[in-house]
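Student: Predicted model follows, preceded by the sequence.
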There are 2 protein chains.
Amino acid sequence: MSKLPLGCAIASLIAFAAPAAMAQPAGPGPRDVPARSLPVPSAPSPQVQRLIAAPLRQGWNTPPTTPEGWRALAEAGAAATRAGLPGLRERLKVDVEAAEMGGVKVFRVTPREIRLENRNRLLIHVHGGCYVLNPGEAGLPEAIFMAGFGGYRVISVDYRMPPEAYFPAALDDAMAVWKAALQTTDARNMAIFGSSAGGALTLEMVLRAKAEGLPLPAAIAPGTPMSDVTGVGDSFQTNGLVDNVLVAVDGFCDAATRFYANGHDLRDPLLSPIYGDLCGFPPTILTTGTRDLLLSNTVRMHRALRQAGVEASLQVFEGQSHAHYYRDDSAPESREAFGEIAGFFDRHLGK
Amino acid sequence: MSKLPLGCAIASLIAFAAPAAMAQPAGPGPRDVPARSLPVPSAPSPQVQRLIAAPLRQGWNTPPTTPEGWRALAEAGAAATRAGLPGLRERLKVDVEAAEMGGVKVFRVTPREIRLENRNRLLIHVHGGCYVLNPGEAGLPEAIFMAGFGGYRVISVDYRMPPEAYFPAALDDAMAVWKAALQTTDARNMAIFGSSAGGALTLEMVLRAKAEGLPLPAAIAPGTPMSDVTGVGDSFQTNGLVDNVLVAVDGFCDAATRFYANGHDLRDPLLSPIYGDLCGFPPTILTTGTRDLLLSNTVRMHRALRQAGVEASLQVFEGQSHAHYYRDDSAPESREAFGEIAGFFDRHLGK
């Protein structure tokens, strides 16, 4: 770790030094944009076009207000997702087995054919769902995409969520799994990935591992991470009511995050990792779409990592809303997104 | 060149193969978005906030309709840009000298201190302006940013434009300069860069060089390229009236492009390079902003290059409209954008 501060110092001195004189702050200058009807773009595949053409998520702006309400919402969504899992597993030739690691519930997600170069490698997956949704097997689709398209063994963490447990329980559980994985696998042969809240948890795990002096993964892939949950980010406005998954600020996802935070400061880097010390982070690949409400969260995170001297790669998919890249396993863009991540891992992981 | 088709074939077979069964095309499903007032985002520097807060470009939707009108518009814009050049040259410590290469007017843009590793390197710059604007010295700001921030010698091509000459005159001139540069400098020590129409010309030069069997540059940096001028691209809609530089489709820039094309098919890869054969392209770094009308043109080009197996890197700046990254040399984001491009070139150019 001794070279990291120097690496960060060099990066900020040479490439990204701020100019000596700062200009005056700008005036308000809001941009008034008239009402519009946005057609479905023609360049994406028919599968992604169908995702884009779908209406806004039902009930996006009427989140539950009670623990029981959240539990019911999570269970309703999970039931729908579970129904699709057998087909997904068969199409991508992936097996799933419930297990436990470090006292935490996990799923072992294993491709029926592990690529030769991946035999000694292991990926840790932290699922999305605004820290509250996608319990149990409902958190698995992204892990199955990665295992199937990339040919990697994956451990998906079924971390505790509200109302069972609050911040930082999800992170605590993920770290317990990371420590358990370190008992059997060299950190240089491991990567961590996840999207949305899972993207944030991926970044938070590295911050926590740094703070605890634990070995870091060889690479990470935070997809459209909730890297800043304080409301900062231009795409919260520009892609508001354009993204049909998260839809807009102050909807269900912000409410869920506050439910998880349970009064904790949202600017804590363990909730908004963009405000953390990113020096020494492993190589990172980030994924988003042009209609993603978290487009700004993603590209700002990319810039922050680059400013810290981290090798960081960004992929942005045409017309996609939040995390559309793991919605349809038949979409060429899904294969492409996970192919890029798998290739990035292959370049950075030991064998 | 013999390994290139194989490289392309491998990339498409392994990472990006389309699934065997294609889904049905999507229905229309347009997204109705109400009128909104977008605040200036808080994360960018004060300098970039000021750019974002500026009103829409005056006269964006009333382009000239006569050759004389275009000439007058180009000259009015050029006069304003020229007024700022002496200060820009002094602040970035760059000298400019008019010259000629291959029978084409150019400017030699030279940092007063050339970095040691750049002594035998040369960059070719093709300016933006929708193929019609920024004649003469008005095309130089981006070249001065690159020379100053990167410490590189730059040749900026003052290519002929309508109404003096039409498609493919700009590309012909740029190629004449490329051929002349090859007489004195190893292609492995050279890169080509430019933004907007200059980003498209950068890509078109590589297509033309491939077709003519000429050596290719070691790297290229097309910024927010006009890679598809057929109207395809979701951000033409989503960022319409959000981008305050290009503003919206069917404005001055599309009119200027048609003026240059002079009846030629806009889908020709020498006008819309995204439709060209990208196999064997050199490593490419692309730059855009979240409010850029050409956000989709840029990220689609990035994906197309990756699909062709090309090493391609993408940087997207928070809140920026079209080519905002070379508007204010005091903005930390400008230094950052050109620092990234310079670092990318440094990794790929010979010495």
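Tutor: Yes, it's here.

Student: switch to C-alpha atoms for all contacts and neighbour counts from now on
Tutor: Will do.

Student: so how far is residue A:222 from whichever residue of the stretch 151-300 of chain A sits closest to chain B?
Tutor: Residue nearest to chain B within the stretch 151-300 of chain A (CA to the nearest CA): residue A:234, separated by 5.2 Å. Residue A:234 is 20 Å from residue A:222, where distance means CA to CA, to the nearest Å.

Student: Could you tell me the per-residue confidence at residue A:29?
Tutor: pLDDT for residue A:29: 82.

Student: tell me the mean pLDDT for stretch A:243-250?
Tutor: The pLDDT scores in stretch A:243-250 average 97.

Student: what does stretch A:200-211 give?
Tutor: The average pLDDT within stretch A:200-211 is 98.

Student: Ok, stretch A:41-52 next?
Tutor: Stretch A:41-52 shows a mean pLDDT of 98.

Student: wait, what's in contact with the residue of the stretch 151-300 of chain A closest to chain B?
Tutor: Contacts here follow CA atoms under 8 Å, 6 or more residues apart in numbering or on different chains; on that basis residue A:234 touches A:296, B:40-42, B:318-319.

Student: which residue packs closest to it, ignoring adjacent ones?
Tutor: The spatial neighbour of residue A:234 that comes closest, neighbours along the chain excluded (CA to CA, 6 or more residues apart in numbering or on different chains), is residue B:41 at 5.2 Å.

Student: Got phi/psi on the one you found?
Tutor: Main-chain torsions, residue B:41, degrees, to the nearest 10: phi -70, psi 150.

Student: so how many other residues sit close to it?
Tutor: Neighbours of residue B:41 under the rule other CA atoms under 10 Å in any protein chain shown: 22.

Student: could you point out which element follows the longest helix seen in chain A?
Tutor: If you go by DSSP state H, chain A has its longest helix at helix A:67-92. Going down the chain from helix A:67-92, the next helix or strand is strand A:94-101, by DSSP states H and E.

Student: Mark which of the contacts of residue A:234 are part of helices, please.
Tutor: Among the contacts of residue A:234, the members found in helices (DSSP H) are residue A:296.

Student: Could you give the backbone dihedrals for residue A:286?
Tutor: When read as degrees, to the nearest 10, the backbone of residue A:286 gives phi -110, psi 150.

Student: can you check residue A:244 too?
Tutor: Torsion angles, degrees, to the nearest 10, at residue A:244: phi -100, psi 10.

Student: so who does it touch?
Tutor: Contacts of residue A:244 by CA under 8 Å, 6+ apart are A:52, A:54-57, A:321-322.

Student: What of residue A:138?
Tutor: A:77-79, A:81-82.

Student: so how many other residues sit close to the closest residue to it other than its chain neighbours?
Tutor: Distances taken as CA to CA, 6+ apart place residue A:78 nearest to residue A:138, at 4.9 Å, with adjacent residues excluded. By the criterion of other CA under 10 Å, residue A:78 has 18 neighbours.

Student: same question, residue A:154
Tutor: Neighbour number of residue A:154 under other CA under 10 Å is 26.

Student: Can you read off the pLDDT for it?
Tutor: Looking at residue A:154, its pLDDT reads 98.

Student: so it bridges to which residues?
Tutor: residue A:109, residue A:123 (DSSP bridges).

Student: Does it touch residue A:122 like I think?
Tutor: Yes. Between residue A:154 and residue A:122 there is a contact at 5.9 Å, judged by CA atoms under 8 Å.

Student: Keep only the contacts of residue A:244 that also lie close to chain B.
Tutor: Among these, the residues lying close to chain B (CA under 8 Å from any CA of the partner chain) are A:52, A:54-55.

Student: which stretches of chain A form strands?
Tutor: For chain A, applying DSSP state E gives strands covering A:31-33, A:36-38, A:94-101, A:104-111, A:122-126, A:154-157, A:190-195, A:219-223, A:284-289, A:312-317.

Student: which stretches of chain A form helices?
Tutor: Under DSSP H, chain A gives helices at A:4-10, A:46-53, A:67-92, A:141-150, A:169-182, A:197-212, A:235-238, A:252-261, A:295-307, A:332-348.

Student: if we can go back for a sec, the residue nearest to residue A:234 contacts residue B:320, doesn't it?
Tutor: No. Taking contacts as CA under 8 Å, residue B:41 lies outside contact range of residue B:320: 9.9 Å.

Student: nearest spatial neighbour of the closest residue to chain B within the stretch 51-200 of chain A, skipping sequence neighbours?
Tutor: Nearest residue of the stretch 51-200 of chain A to chain B: residue A:53, at 4.3 Å (CA to the nearest CA). Excluding its sequence neighbours, the residue lying closest to residue A:53 (CA to CA, 6+ apart) is residue B:29, at 4.3 Å.

Student: okay, now the one you found: neighbour count?
Tutor: Counted with other CA under 10 Å, residue B:29 comes out at 17.

Student: close enough to count as contact, it and residue A:41?
Tutor: No. Taking contacts as CA under 8 Å, residue B:29 lies outside contact range of residue A:41: 10.2 Å.

Student: Which residues are in contact with residue A:178?
Tutor: residue A:124.

Student: For it, give me the pLDDT.
Tutor: At residue A:178, the predicted lDDT confidence score is 99.
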